[in-house]
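Trainee: Below are the sequence and a predicted model; questions follow.
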Amino acid sequence: MKEKSTLETAQEVEVEVMRKFSVEEVFKETPDTYTLLLKPLDKKDYSFVPGQFNMLYAFGVGEVPISLSGDPDEKYLIAHTIRVVGAVTNALVNARKPKFIGLRGPFGNGWPLEKTKGKDVIIVAGGIGLAPLRPAIYYILKHRKEYGRFFFLYGARTPNDLLYKKELKEWKSRFDMDAFITVDAGDEKWTGNIGVVTTLFKHIKLDPNNTYAFVCGPEIMMKFTVLELRNQGLTDDKIYISMERNMKCGMGLCGRCQFGPYFVCKNGPIFSMDQINRFFGRREV
Amino acid sequence: MVGKIPKIAVYKFASCDGCQLSIVDLEDELLEINQKFEIAYFMEVTRAAKRGPYDVGLVEGSISTPHAIELIKSIRKDCKTLVAIGACATAGGIQALRNWANVEEFSKYVYAKPEYIQTLEKSSPISEYVQVDFELRGCPVNKYQLLEVLSAFLAGRKPNIPTYSLCIECKRKGNVCVTVAKSVPCLGPVVQAGCGALCPAYSRGCYGCFGPMESPNVKSLASKFIELGMDKKDVILNFRGFTGWSKEFREVDVLIEG
Amino acid sequence: MKGKAKTVKVDYLARVEGEGALYIKVKGTEVLDVKFKIFEAPRFFESFLRGRKYHEVPDITARICGICPIAYQMSSVHALEDAFGVKVDGPLRELRRFIYCGEWIESHALHAFLLHAPDFLGYDDAMRMAKAHPDIVKKALMVKKIGNEIMAKLGGREIHPVSVCVGGFYKVPTKRQMEAMREDLKKGMDLSVELLRWVADLKFPDFEQDYEFVSLRHPDEYPLNEGRIVSNKGLDISISEYENNFVEEHVPYTNALQSYIKGRGSYMVGPLARINLNYDKLWDLTKDMLKSIGFKIPCRNPFKSIIARCAEVLYSFEEALRIINEYKEPNESKVDYKVKAGRGYGCTEAPRGSLYHRYDVAADGTIVSAKIVPPTAQNQKRMEDDLRAMAPSVMKLPYEKAVWRFEQALRNYDPCISCATHFLRLEVERS
Amino acid sequence: MLSQQKLYFALDAEAFGNFIDVLKDLGYTVYGPAEKDGAIVFEILDSIKQMPRGLYDEQSPGRYRLTKKDNQRYFGYVVGPQSPKYVLYSPQHLLFKVRKDGRTFIPQPDGKKIAIIGLRPCDLKAIEILDNVLLKGPYKSNAYEAIRKDALFIAVNCVEPGNNCFCTSMNTGPFAQSGYDISITELLMNGSHVFILETMTNKGTEIVSRLKCRNATEEELNVVSKLMEDAKNKIRKKLDVENLKDDLYRNIEHPNWNEINNKCLACGNCTLVCPTCFCSSVFDSSSLSMDVAERWRVWDSCFSIDYSYIHGGSIRQSIMSRYRHWLMHKLATWVDQFGTFGCVGCGRCITWCPVGIDIVEEASKVRD
Ligand SMILES: Cc1cc2nc3c(=O)[nH]c(=O)nc-3n(C[C@H](O)[C@H](O)[C@H](O)COP(=O)(O)OP(=O)(O)OC[C@H]3O[C@@H](n4cnc5c(N)ncnc54)[C@H](O)[C@@H]3O)c2cc1C
Ligand code: SF4
Ligand code: SF4
Ligand code: SF4
């Protein structure tokens, strides 16, 4: 219950606490996941680095952290891919009618795309975890010459759950990247790999000294992916993962996203394994 | 909610009427509630009764008669969203004290004309018989929380109803802890917030209107009460109040005896 | 005149607290059967009070009724104080009257305007009435809210407040907190004058009965918490003599006990009874107002109970304001007492009428037995008698109208069914 | 030892009564100690009469009692259940209102200048720690800043520390080192009742100049020095902070953690009484009409399930893990986050834990 604060009676002043965006388009990616294209109502441009996230607000419903999933070079149409799991995510994807979506951000750090120039990169994604990695893929493909080999492993529960199907097809057919896709359970039409994402590692051979890995997906998937990467000889300083914790402010003030000594919102969401190996995968940390 | 005005129905089972009265006690909002919802069935305030189905059903009271079991099942079918309101509907209420009465001893007592009365052996929460979409605690419910549930329903969001301990609310309010400062036994550490920490504000211990909090450590608190000098029997009585029949409080006797 | 028997059945009585039904069967002018059924599930309060600690009683019995919890708290603390031989006086006694005023205001405003008034104007409910009479409904809600605020300021919340205890209160308000309520109360008083005028102009069915009115009477004040039990037919007893004079009977079709006066039959408790028996104790403004609207005692038309209710609202504001003016912060929030074995009686005036409690307490403060007679149980027989008396003429009305008129007649009593079915002492007569 | 460079003033008890008036005249809303329901809390003071006299607080794990002694001391008690956090970072706060059309409104700070009398050295340190969190990160709390920036702090040195105090271990007390405008040492000696004042800021000096002070005598200063030494020695409770952080990190899976499950109530009291715990929840609400929505910040606790909730379930289900998170934050992860411990040794969490769990003991238990 809310108790009235004395400030409530104080004078109120109009301000910008969040920017307002309109929903331009909604794509249905999977039965429960949608990509939204948002346009700034204030017509100012918007920039971010791959891996960052926004706090998105659905009027009267709530605010949640959602990664940017679009092209970092696109300044006026920003993309978010949202899986509907509860009230706020539901309101966001059904928000075609309302006047605006509130947006605060971008928050957080990004994937180490500068530092990895000249190196091989492997991206491993599970389910909705592909969303924050897509901007990184766009970036690498756009600056393809500046990177070494580029691997992409992606797994989803079923063929139906794969995001960005058109792009997946394109990525698979490119010669300048090695893309592997798998599903936990196939259907009649599925002719690709079946099995969890870590089973894809048998298809590739990494150069441990020259490869950086970017990983995002459910915590358990990341845990096993990290083991595979270590198996292939990658050291923890070369493995980056994107963490998820409860977030209420995105600004390091509410304290909820703490993970060991880090605030996921301001020190993350992306961490190198050597930063967090003490805590990662431990129960209830 | 889009488009049409949602229909609301309010039902009553064994109860004191206090929880449904909380709606009428929202004096400032009552007429607005009547605009935002179509009050389709609410016997306490209107003779007019519209047929279901209803979008929301608010159910007060516990199930304690054979007839009530039939009724709640048909109510469940009629209501898209079913909200149990109050300690009676969510924990069996104070009348659930009879649930501990020994059946044999019970029948030995001859009351005036027992054959006239139909009653079940136990007074049970609604969720014992049908699936409930949301439980709003309290004896009575906090009317502002009730308003919050209705507002959240209209907005399609999760109601902001915390499930943590009363202590959190108590401290926010600036109350002085009665247990620590006066050795008054208070159920606050195992009881869900929601009332606004009224009892401690009135210098007395919480007696549990809002039922168990999300992860109550009943045993530890019971030991504390014993340490404060209460005898075991009174500790059991203390937990066996308005929400005594809730799962977490029900077996306090077993926890105490170890 | 011969003919078929006509029956009126209302399966679920609306705009009352709790669940009741109505059954009337008439043949010609002969009334064959009248039943006011209470099918609300029994809750066995008196039985499970046994074994509980005395200090829990006010909180537990409050849960008999969400509309008049203070009445239960007051009757129970007075009964227990009687058992322990303590007397609560001075500011604490005043505060008890004060919080009770809050309950009268809140409960009467609720009943008069949200439950009863729509009957007079032919609306299904107050919300519909509000479309034609928005002003009245809003004013009534404001008055109700102020009544609730009194309860909440003193007891933390309006339903089942937490501050009343044996010996006084867990915590008492400061003088400043009391003063802070004055403006609202004044506003409420002005509003209640308007509301009283408005109800006086309602159309009342012609119907009078030779009632036995029963209520408390106190030498110095309009009765709330204390006094002797009196009637217009010569009853004048102390509270402890209640059970010698009143009996409760268990009838098959209802889940509540019906009471009557030994050797005489049904009787009426509630605002109309109180005002008829205690008119002289009202404050001046209320008396003047009643005079100006032409209300005369004794009033034997039960439909006019709505006027009595509104007059008591006005009185409560007057009384509450008096208490604020004279309030001195007590040194202690409760008086000292020693728990001891004994029997105690309490009777106070709930909004709906006299509410009687009796307890036997063991030396360690454990409740040994309890008896509670709520006003609705006391009125129940009288309600049926009213129905019986009006049935021959009402039955001539079109069916729908007749049904409504019978309902209205029951609502005259502001029946609180939840109260009536606190139910049955399980401890009686072991076989 | 007392500093040679500083000026020490003396204010006689009779003249002390003027203090609040002076502050009020300067436009301050004055918060200070007052007795409420058996404890000393911060309240807005209109006059010195509201302040407790001769009241002492006996504290032990899970227990707090005010006792009356036969003297007129103002600051005989140590710390109450409320920390300065109550005043500076309010328990609930409306962040903004937003209308359906997106226009957003923030309630403006009322411009009130506040002064707090009676802050203990540990509390001052706690405010410094809160500043780190709420003002010095990439983002700051505007509401906190609005109150904090003009706030005046009048500290009281502890001459009789409490049973649960362990400020010497955390290097925060019992005498104030920094963060105050004026510090007070209350002296009761041979029938005289004097306050030795010392200032740290210009604001403080300005205020002291308005009080009827005289220069402190050498004898008085000697007594202060002596009390300082004594106070330190009176503190029995000790937490060894040497390698504490690393020990805790290393022992994150120590078997002893599990024992806390039997005792800890997860009620959150420790976090709410702690002067540095800053965790909050933010929630959005809407009106029935859906015309306006609001966003509120309220104090929360890492002991609530919702605190670590992410879709699918909370991260910290067991009570043990919530307690571990809290203790680790106070004594280990805080150091990495903000460069200091998150604990100042005030002992509030020990006293106000209904079952008396002692952070000092628990920390030692999981250190091998
Ligand atoms: C840095 C970051 C990036 C994210 N990016 C995406 C993304 O690109 N696409 C996407 O679909 N989801 C993403 N999520 C997860 C997304 O925030 C949650 O699914 C969302 O908060 C669920 O809200 P809800 O109200 O719909 O669901 P509910 O399950 O009803 O959640 C209730 C409340 O709990 C909190 N909560 C629940 N789950 C999470 C969570 N995983 N993380 C943080 N808070 C949570 C929120 O406050 C939420 O309102 C991201 C999370 C983080 C931390
Ligand atoms: S929960 Fe309490 S207030 Fe609500 S109906 Fe039951 S007894 Fe009455
Ligand atoms: S008084 Fe009760 S609710 Fe408040 S902090 Fe103490 S134990 Fe918790
Ligand atoms: S953790 Fe405990 S001792 Fe440390 S500052 Fe917080 S309340 Fe005080």
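Mentor: It's in. The model shown is predicted, which means the values in this text are computed figures rather than measured ones. Ligands and ions are numbered 1, 2, ... in the order given.
Trainee: helices or strands next to the helix ranked longest in chain D in the packing?
Mentor: Across chain D, the helix with the greatest residue count (assigned by DSSP state H) is helix D:218-234. When contacts are defined as 3 or more Cβ pairs under 8 Å, 6 or more residues apart in numbering or on different chains; DSSP states H and E, helix D:218-234 packs onto strand D:182-189, strand D:192-199. (Glycine included, C-beta is placed from N, CA and C.)
Trainee: Break down chain C into its strands, ranges please.
Mentor: C:6-10, C:20-27, C:30-38, C:164-165, C:168-169, C:214-217, C:228-231, C:236-237, C:246-250, C:257-261, C:342-350, C:353-361, C:367-373 (DSSP state E).
Trainee: weakest of the ones you listed by average pLDDT?
Mentor: The weakest mean pLDDT among the strands of chain C belongs to strand C:6-10, with a mean of 72.
Trainee: list the contacts for the closest residue to chain B within the stretch 51-200 of chain D?
Mentor: In the stretch 51-200 of chain D, no residue comes nearer to chain B than residue D:91, which is 3.8 Å away by Cβ to the nearest Cβ. By Cβ atoms under 8 Å, 6 or more residues apart in numbering or on different chains, the contact set of residue D:91 is B:171-174, D:298-299.
Trainee: Check residue C:59 too.
Mentor: Counting by Cβ under 8 Å, 6+ apart, residue C:59 makes contact with B:207, B:241, C:73, C:160, C:162.
Trainee: Could you do residue C:321 as well?
Mentor: C:182, C:185-186, C:189.
Trainee: Out of these, who's the most crowded?
Mentor: residue C:185 (23 neighbours; other Cβ atoms under 10 Å in any protein chain shown).
Trainee: Could you double-check that that one sits in contact with residue C:317?
Mentor: Yes. The pair residue C:185 and residue C:317 qualifies as a contact (Cβ atoms under 8 Å) at a distance of 5.7 Å.
Trainee: Just the contacts of residue C:321: which are in helices?
Mentor: Counted as lying in helices by DSSP H, out of the contacts of residue C:321, are C:182, C:185-186, C:189.
Trainee: can you tell me which two in those residues are farthest apart?
Mentor: Across the ones in helices among the contacts of residue C:321, the longest distance by Cβ to Cβ is 10.4 Å; it joins C:182 and C:189.
Trainee: returning to that earlier point: I'd like a version of the contacts of residue C:59 in a markdown table, one that adds distance to residue C:276, neighbour count and pLDDT as further columns.
Mentor: A markdown table is the format used below for these (distance: Cβ to Cβ, whole Å; neighbours: other Cβ atoms under 10 Å in any protein chain shown; pLDDT from 0 to 100):
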| residue | distance to residue C:276 | neighbour count | pLDDT |
| --- | --- | --- | --- |
| B:207 | 40 | 21 | 97 |
| B:241 | 40 | 26 | 95 |
| C:73 | 27 | 29 | 98 |
| C:160 | 31 | 27 | 97 |
| C:162 | 35 | 26 | 97 |
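Trainee: which of these are close to ligand 1?
Mentor: With Cβ under 6 Å from any ligand atom as the criterion, those include none near ligand 1.
Trainee: Keep only those of the residues you listed that are also close to chain A.
Mentor: Contacts with chain A within the contacts of residue C:59, counted by Cβ under 8 Å from any Cβ of the partner chain: none were found.
Trainee: ok, the residues you listed vs residue B:161, which is closest?
Mentor: Checking these one by one against residue B:161 (Cβ to Cβ), the nearest turns out to be residue C:160, at 19.2 Å.
Trainee: gap between that closest one and chain A?
Mentor: Relative to chain A, residue C:160 is positioned 17 Å away (Cβ to the nearest Cβ, to the nearest Å).
Trainee: Smallest distance to ligand 1 belongs to which residue of the stretch 51-200 of chain C?
Mentor: Using Cβ to the nearest ligand atom, the closest approach of the stretch 51-200 of chain C to ligand 1 is made by residue C:157 at 29.1 Å.
Trainee: which one is that residue nearest to, not counting chain neighbours?
Mentor: Of all residues not flanking residue C:157 in the chain, residue B:198 sits nearest, at 6.2 Å (Cβ to Cβ, 6 or more residues apart in numbering or on different chains).
Trainee: Which pLDDT does the model give the nearest residue to residue C:133 once chain neighbours are set aside?
Mentor: Spatial nearest neighbour of residue C:133, chain neighbours left out: residue C:121 (7.6 Å); criterion: Cβ to Cβ, 6+ apart. What the model reports as pLDDT for residue C:121 is 95.
Trainee: what's around residue C:121, how many residues?
Mentor: Residues contacting residue C:121 under the criterion other Cβ under 10 Å number 13.
Trainee: do residue C:93 as well
Mentor: Neighbours of residue C:93 under the rule other Cβ under 10 Å: 17.
Trainee: got the contact list for it?
Mentor: Applying Cβ under 8 Å, 6+ apart, one finds that residue C:93 lies in contact with residue C:225.
Trainee: Would you mind measuring from it to chain B?
Mentor: Between residue C:93 and chain B the distance is 19 Å, computed by Cβ to the nearest Cβ.
Trainee: per-residue confidence for that residue?
Mentor: Note for residue C:93: predicted pLDDT of 97.
Trainee: Now do the helices in the stretch 101-250 of chain A.
Mentor: With helices called from DSSP state H, counting those that start in this stretch, the stretch 101-250 of chain A shows them at A:134-142, A:165-173, A:219-231.
Trainee: Most tightly packed of those?
Mentor: Mean neighbour count (mean count of other Cβ atoms under 10 Å in any protein chain shown) peaks for helix A:134-142 among those, with a mean of 21.
Trainee: Report the contact partners of residue B:8.
Mentor: Counting by Cβ under 8 Å, 6+ apart, residue B:8 touches B:37-42, B:54-58.
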